[in-house]
Every structure is written in C-alpha cells, then in structure tokens.
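Q: Need coordinates for the following:
(one chain, ligands or ions: 3)
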Amino acid sequence: DEHKPSNFLRQIIERDLAQGTYANRHFASTPGDAKHHAAGPLDPAKIRTRFPPEPNGYLHIGHAKSICLNFGLARDYGGICHMRFDDTNPEKEEQEYVDSILDAVKWLGFDWNVGGTSHLFYASNYFDFMYRAAEALINAGLAYVDEQTAEQMRANRGDFGTPGTDSPFRTRTPAENLARFREMRDGKLADGAAVLRAKIDMASPNINLRDPALYRIKRATHHNTGDTWCIYPMYTYAHPIEDALENITHSICTLEFEDQRPFYDWLLDKLCELGLLAQPRPHQYEFARLNLTYIITSKRKLKQLVDEGHVNGWDDPRMPTIVGLRRRGYTPESLQLMAERSGVSKAGGWIDYSSLEIALRDDLDPKAPRACAVLDPLKLKLVNFTEIFGSESHQEPCHAPVHPAHPDRGQRQFVLTNEVWIEREDFMETPPKGYHRLYPGNKARLKYGYVIECTGCEKNAQGEITAVLAKLVPDTKSGTPGAEAVKVKGVITWVSVATGIAAEVRLYDRLFTEAQPDAGGRDFLSVLNPNSKKVVTAYLEPGLAAATPDDKFQFERHGYFVADRHDHTAAKPVFNRATTLKDTWSK
Ligand code: ATP
Ligand code: MG
Ligand code: MG
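A: Ligands and ions are numbered 1, 2, ... in the order given. This next block holds a predicted model:
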C-alpha cells in the first residue's frame, strides 16, 4: 500500500524482497531433520511474520499493536503471519487464555488461515525437535549440564563490567554431558538440580551470552504435552527455534529483546551449521513498545485490578484489554488506526491516551448513526401545547437525519409531546453572560422541533428545580418555511417523556488520575480515579429500542455510545459511553 508511511521494518522487508534474501532455502550441511519444518514446503517468495503470545492472560492494547504490525506487514507484502502460542512454560498457561487470544485476533480483523491453510502453531509441539537440537549442541561441545546451585550460578555470572567465572562443570566431555542431560530428561534429578547451558563466553560484555540456560528441570503438567516432559526449554532457547521451524523471515519483537539478539543469532547459526535448520534463517528486529498514558499494560497488574475487584473483570470497559476496549465500544478499525498512527520506531516514548479516543472518533464519526439522549434529565413542560395542537396527548411528528453527511441513510422519526426531557444544564434561573439556553424570558430551539420561550420553572419544598416551563412559538417548526422566522442562539436536545425509553447509561472515564500510573515504583492503586464509572438513568429517542448489543451510536452532543455486549436487552437497555465528542479531560 503506497499510502502507508514507510518505517525501518518496511524498508528491511522491501530490501529482502528485492534482493531475494529468502529465495533460496537450503541446508548448510547434511540435511538434518527437514521434515520438522512445521510450516510445510518452503515458500521463497513470501515473508513470514508471527504473533507469539504466551497464553497466560488477556491481550491488551500493546498486543493489539503487535498483532496489527505483524499481520499487517504480512498482508501488505503478500506474506503470511503465523498465530503461535509460545506455550513453553507449563505453569501459567490456560485454555481460557488461548481461546480469548484467538478471539481477539479474529475480532481485530486478522486471519491465520491463508489460502485454506491454517497457520496456527503451538511451540510445545516442537519439544521433540528442541530436545534433539539440545543433544546436537551437546555433541558439538556447545552445551553442558551445570550442577552449580542457582546461587552459585548467579554469583559466577558476574556483572556489568565484571567478567563471569567459568563453572567447574564447564569442562565436562560431550559424552558426560549427554548422559547427564538424558538423566535430567528421565527424571533422575530433582527440580532445579541442574540446567543445560550453552557454552559461549563467560567473559562476554553481553551478559546474555554468558552461557545462558537452555533447559531446566520442572515437574509440572503441561496443557498440551501433559507429563511427557520434566525438563522444559527456556524462552530464549525456544523462541528462535520456533521461528526457524516455521520459516519465519522477520521475527519482530519489542526492544527489551535487543540484548537477546546475539544469542538468537548464535543459536540459529550453530543449528544451521549442524544441519538441523535451513538457511537463510530468520532474523530478529526490535521496535519500541507502545506505551499509552493513563493505562497500565503489565498483565500482572491488570490481573491484580481484576482479582481485587477494582474493576469488574477482564472485560470491564475501563480495562485496556482488547475485550475491555471492545466492550467499551472500540471498533477493530479504530485499534488498527491507532496502531498505524503510533508508528514503528526504535525510540520509545509515551503516546497520549487521547490518541486512542481520537482514533475511535475518526472511525465512528462517518459511520455511527445519530440519536438523541438526555443523560441528566429535567422535565420541560410546554404550557401552551394543548392550545396549539388541540389535545394534551397530541404527538407531533419530527424527524432528523440518521447521519448528517449521508442523506441516503434516511431519517429518524420521533414525536414532540407536551412534556420532554432536557438536560439539567440547559436551564438556569439566573444565567451568566453568554448563556444562550433556557432562562426565564429567553428563546431557544428544541432541536428538530420548535422554538420555545422559557417562562419559568417549578420547585419542590427544598427549593430544587423540578420542571422547566416554556411556551412553543407557533409556526417555527424545523424544516418548515417559518423555521428561520425567529432567530435563536441556543439549541436544546430533548426526548419526549411519553415515548422516550429509559436506559441505564454507564459513563466511563480514565481509570487512573496520573499519566504514568506505575511510574517510579508508585503503587498504581493509589492513583485510581474514583470517578472512572458513573451510572445514570437516561432517556433515549424511541428508535433506540431497536438497538442490539454492540450497536454503536453518536448521542448528539454527548459522544459515542455502545449497547453493552453483555447486559443490554430490549427490555432493559444498557449503553456504555465509549468516548466523549471532544477531549474533556482536565488535570
Ligand atoms: P507479560 O510479560 O506481561 O507476560 P508480554 O507483554 O510479554 O506479557 P506476550 O504474550 O509475551 O506478552 O506478548 C506477545 C507479543 O506482544 C510479543 O511479541 C510482545 O513483544 C508484544 N507486545 C506486548 N506488549 C506490547 C506493547 N506494549 N507494545 C507492542 N508490542 C507488545
Ligand atoms: Mg512474555
Ligand atoms: Mg512483558
């Protein structure tokens, strides 16, 4: 797509396509296990990317960025993006998360089925290959079983600027290492008693190259492989192999993994030299993660919000999870837009939360049907209604465009009756200068209806205003020749008392009062916004009785609202505010 701004990843991909970097796949030496290439026949003309979540929680807006990036690049360059579960850690993974992740990716508009072939993979399906690769490294003198305590290993790793110290187990022969590694696999050693380590360089300035661990002993039942294994590969060992087995060309990750890249390269180069993997192998590229103000994206902290009841579940509309954003009224297109606009760069930084809302408005403005809603209702009585229409119960037909920019989408029909709901803020007994709405003696227009003149108000014993009184000005109906006869400055949205529908409306705002809720080690719970949810009973234009869950509307002058996915029914309408029309956040 030539309209998309370029970025360093696009440049790398375009260069690789132009140079045919991946056009000739081959094995460097005696072909090892070619059949273990999971992705089927090599596909030289295409790039392959992947989205590789660990199924240990719900995805959030940061993951949405990664999904849009990886699937988007594959789409734009005629390639394939793999959906891969990085499920090499047996303890934290659950089917519930697997299901929710697949659902989120589909909802965002992406598909791992390409040309009738599924590209859904589980890293745990490569455990056999990973194990054989480990034995090959041992045989080549590139890995050893270390039986130092965790404490000793930490101490001997050294520090930034201080070289590490070789383990006393580092000089074991390949035969010894192989026997010991098989004992690890066969359950002869206790959890934590030994690890398999790569033999690289304990003095490397990059600590990740100081003989990183490849395998650990952990007796835990895995959701896919059950109790087959009591040793599990480390993430840093597993991930490059997963990429290579799937013929990934561009392995895109966030900047935290930059220091791991030398090991990624070391491992794949060795496995290529040993004939286990085909060349050219995948390459890792890092970009700056998405950081949005006023939200947190740590799965652990999001889980804490859920577990401690600060929000109502993972899909609470205030959560930055994909399920939460979806329930809040965000569309796939708005999140794609946000991901696109946030760009791809090597420089980290914070993006203002409002950019998310702007993306949603930009997506919904041209699409969402309009409707009238009164969120803070005060009754307005039209004192001369019977006099003008001949009956107190008359219903005067009115109409308004479904969408002001699309006349072809038709008109909404509703009626004006003797009493209507207006916003409480649209009446003031003693208005400040410049107030053009209702106050005694002033005229304003009931939108899509008539000009009215305010004559006063009613109060209860406590002096609170209970109703506003006004006279209709005859012959001023919107859309009739007399509409412009009386000039007014104020326009009032309203809903008929007789025909409007009552609804629960949930007014959401930011969950935190500080832009960087967990900055500098601050307890993010101490900056929860106490006003992040307000529930009101509102009155809605009668046409909204036809709304079904997930339908989105612009409530005129209030913002964008969605019929709640879970709680909305025709009998008990529930709407969520997705976003206001303008940024109203003030701090
Ligand atoms: P955690 O560390 O909390 O378990 P994670 O962020 O590491 O979560 P993964 O499931 O490993 O989650 O992430 C899947 C992919 O999403 C990774 O490639 C990761 O780089 C990417 N990702 C996660 N957070 C962001 C973010 N804020 N911006 C961009 N990409 C992200
Ligand atoms: Mg992770
Ligand atoms: Mg993380």
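
Q: tell me which element the closest residue to ligand 1 within the chain is part of?
A: Ranked by C-beta to the nearest ligand atom, the top residue of the chain for proximity to ligand 1 is residue 62, at 2.2 Å. Quick note: C-beta positions are derived from backbone N, CA and C, even for glycine. In this assignment (DSSP states H and E), residue 62 forms part of helix 61-76.

Q: ok, the residue of the chain closest to ligand 1 - contacts?
A: Listed by C-beta atoms under 8 Å, 6 or more residues apart in numbering, the contact partners of residue 62 are 289-291, 297.

Q: Which one of the residues you listed sits in the busiest neighbourhood?
A: Ranked by neighbour count (other C-beta atoms under 10 Å), these have residue 290 at the top, with 23 neighbours.

Q: ok, and the closest non-adjacent residue to the residue most central in space within the chain?
A: The residue lying closest to the centre of the chain (C-alpha atoms, centre = their mean) is residue 61, at 2.7 Å. Nearest in space to residue 61, with sequence neighbours left out and distances taken as C-beta to C-beta, 6 or more residues apart in numbering, is residue 320 at 4.8 Å.

Q: The one you found: what's it in contact with?
A: By C-beta under 8 Å, 6+ apart, residue 320 lies in contact with 60-61, 292, 295-297, 302.

Q: just residue 131 next, same as before
A: Contacts of residue 131 (C-beta under 8 Å, 6+ apart): 185, 231.

Q: one step back: any chance of TSV for the contacts of residue 62, columns distance to residue 179 and secondary structure?
A: Putting the contacts of residue 62 into TSV (distance: C-beta to C-beta, whole Å; DSSP: H, G, I helix; E, B strand; the rest coil) gives the following:
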residue	distance to residue 179	secondary structure
289	43	coil
290	47	coil
291	48	strand
297	45	coil
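
Q: Restrict these to those that also contact ligand 1, please.
A: Among the contacts of residue 62, the ones lying near ligand 1 by C-beta under 6 Å from any ligand atom are 289-290, 297.

Q: Would you mind putting those residues into CSV with pLDDT alongside?
A: Below are those laid out as CSV (pLDDT from 0 to 100):
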residue, pLDDT
289, 93
290, 92
297, 92
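
Q: Tell me the bridge partners for residue 575.
A: Beta-bridge partners for residue 575, by DSSP bridges, are residue 505, residue 563.

Q: Need the per-residue pLDDT for it.
A: Predicted confidence (pLDDT) at residue 575: the value is 98.

Q: cool, and residue 168?
A: Residue 168 is assigned a predicted lDDT (pLDDT) of 97.

Q: Make sure it is actually in contact with residue 148.
A: Yes - using C-beta atoms under 8 Å, residue 168 makes contact with residue 148 at a distance of 7.4 Å.

Q: which of these two has more neighbours?
A: Neighbour totals were compared for residue 168 and residue 148, and residue 148 leads with 17 against 12 (other C-beta under 10 Å).

Q: Could you pull out the strands in the stretch 101-250 of the chain for me?
A: Ranges of strands in the stretch 101-250 of the chain, per DSSP state E, counting those that start in this stretch, are 113-114, 117-118, 120-122, 143-146, 195-198, 213-217, 231-233, 250-254.

Q: Mean pLDDT, mean neighbour count and distance to ligand 1 for those - can I get that in TSV?
A: Output for the strands of the stretch 101-250 of the chain, formatted as TSV (pLDDT from 0 to 100; neighbours: other C-beta atoms under 10 Å; distance: least, C-beta to the nearest ligand atom, whole Å):
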stretch	mean pLDDT	mean neighbour count	distance to ligand 1
strand 113-114	90	13	20
strand 117-118	90	10	20
strand 120-122	94	18	14
strand 143-146	98	25	25
strand 195-198	98	24	22
strand 213-217	98	20	18
strand 231-233	98	24	15
strand 250-254	97	21	4
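
Q: Switch those over to CSV; also include distance to residue 491.
A: CSV is the format used below for these (distance: least, C-beta to C-beta, whole Å):
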stretch, distance to residue 491
strand 113-114, 50
strand 117-118, 55
strand 120-122, 53
strand 143-146, 75
strand 195-198, 71
strand 213-217, 68
strand 231-233, 66
strand 250-254, 48
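
Q: Quick one: closest of these to residue 466.
A: strand 250-254 (57.1 Å; C-beta to C-beta).

Q: After the closest one, which helix or strand is next?
A: Later in the chain than strand 250-254, the nearest helix or strand by DSSP H and E is helix 261-273.

Q: could you give the angle of that next one to strand 213-217?
A: Following axes from the mean of the first three to the mean of the last three C-alpha atoms, to 10 degrees, one obtains 80 degrees for the angle between helix 261-273 and strand 213-217.

Q: name the helices or strands packed onto the following helix or strand past helix 261-273?
A: On the C-terminal side of helix 261-273, the nearest following helix or strand under DSSP H and E is strand 278-279. On a contact count with 3 or more C-beta pairs under 8 Å, 6 or more residues apart in numbering; DSSP states H and E, strand 278-279 meets strand 26-27.

Q: Repeat the analysis, applying 6 Å as the threshold.
A: If you count contacts as 3 or more C-beta pairs under 6 Å, 6 or more residues apart in numbering; DSSP states H and E, strand 278-279 packs onto no helix or strand.

Q: list the helices and strands the helix or strand following it packs on?
A: Sequence-wise, the next helix or strand downstream of strand 278-279 (DSSP H and E) is strand 283-287. Under the contact criterion of 3+ C-beta pairs under 6 Å, 6+ apart, strand 283-287 touches strand 250-254.

Q: tell me what the strand it packs on is packed against?
A: The contact analysis (3+ C-beta pairs under 6 Å, 6+ apart) places strand 250-254 against strand 283-287.

Q: Pairing partners for the strand it packs on, with directions?
A: In the sheet, strand 283-287 lines up against strand 250-254 (parallel) (DSSP bridges).

Q: With just CA atoms, put the strand it pairs with into CSV.
A: C-alpha atoms of strand 250-254 as CSV (Å, rounded to 0.1, in the frame of the first residue of the first chain):
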residue,chain,number,x,y,z
HIS,A,250,11.2,-11.4,10.1
SER,A,251,10.8,-12.0,13.8
ILE,A,252,9.6,-8.7,15.2
CYS,A,253,9.7,-8.0,18.9
THR,A,254,9.9,-5.2,21.4
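
Q: before we move on, what SS does residue 301 have?
A: On the three-state scheme (DSSP: H, G, I helix; E, B strand; the rest coil), residue 301 is labelled helix.

Q: nearest spatial neighbour of it, skipping sequence neighbours?
A: Counting by C-beta to C-beta, 6+ apart, the residue nearest residue 301 is residue 524, at 6.2 Å.

Q: can you count the residues close to that neighbour?
A: Taking other C-beta under 10 Å as the criterion, the count of residues near residue 524 is 19.

Q: Cool, thanks, signing off.
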